[in-house]
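Q: Quick one: sequence and predicted model below, then my questions.
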Amino acid sequence: MNRAKGLVGDVLANTSEKVQNSRMVTEVQWSELRRDPKQVARLAEDGVVRVRRRDGVPLLLIREDRARSASDGAINAARALRNVLAHLPHDLAARALMDEFPWVDFLPEPERGQFVVDFARAFQASAELGEWSSVARVVYEWRNTAFVFTDPVLAEKLQEPLEGDFGPVPPRGD
């Protein structure tokens, strides 16, 4: 019994707490999780536990109901954002996104609207899947497109026909 109390005390003594996303995150070492998993589980009742590993990326231990709640919140926020952006004129929606993505200003007007559509769709899909790489990809691709338009000579050159070119790509029929 005293040995068990000692382990609990060790786990608590060796944890550190950090604030992440306005929540307290308790950190423990992998060895502490192996030594006293019940105590680490008790820590997870109070918030997120980051399990540090010497040979890998840290793991997060979080209660399933909290993870589900966070996911549901992200999905609802994504649906609301998509709906708001869909009901705004594209130029107004693009201006709203320019605070976060100032390079949108370099895109020609029709492309700004398409960026808004692509961003909103990727945001909602990412929230529903819990996989955010598609938003990162959309932002990366559109930022590079904006970069091309910062150089009028390059933009003009890239719009010239290539040998064996089959003509312009027709607009997408979303």
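A: Structure received. Numbers count the residues shown, from 1 in each chain.

Q: R63 and D105, how far apart?
A: As for R63, its distance to D105 is 43 Å (criterion: C-beta to C-beta, to the nearest Å). (Glycine included, C-beta is placed from N, CA and C.)

Q: where does the protein dip in pLDDT?
A: Screening the chain residue by residue with the criterion pLDDT under 70, one finds the ranges 1-23, 174.

Q: ranges for the helices of it?
A: Defined through DSSP state H, the helices belonging to the chain, from first to last, are 2-14, 30-35, 37-46, 64-87, 90-98, 109-129, 133-149, 152-159.

Q: For my notes, please list the ones you listed in JSON lines and give distance to V57 and mean neighbour count for each entry.
A: Conversion of the helices of the chain to JSON lines gives the following (distance: least, C-beta to C-beta, whole Å; neighbours: other C-beta atoms under 10 Å):
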{"stretch": "helix 2-14", "distance to V57": "20", "mean neighbour count": "12"}
{"stretch": "helix 30-35", "distance to V57": "12", "mean neighbour count": "16"}
{"stretch": "helix 37-46", "distance to V57": "18", "mean neighbour count": "15"}
{"stretch": "helix 64-87", "distance to V57": "18", "mean neighbour count": "13"}
{"stretch": "helix 90-98", "distance to V57": "31", "mean neighbour count": "16"}
{"stretch": "helix 109-129", "distance to V57": "21", "mean neighbour count": "18"}
{"stretch": "helix 133-149", "distance to V57": "16", "mean neighbour count": "15"}
{"stretch": "helix 152-159", "distance to V57": "39", "mean neighbour count": "10"}
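
Q: Would you agree A44 is in contact with R63?
A: Yes - using C-beta atoms under 8 Å as the test, A44 is close enough to R63 to be in contact (6.1 Å).
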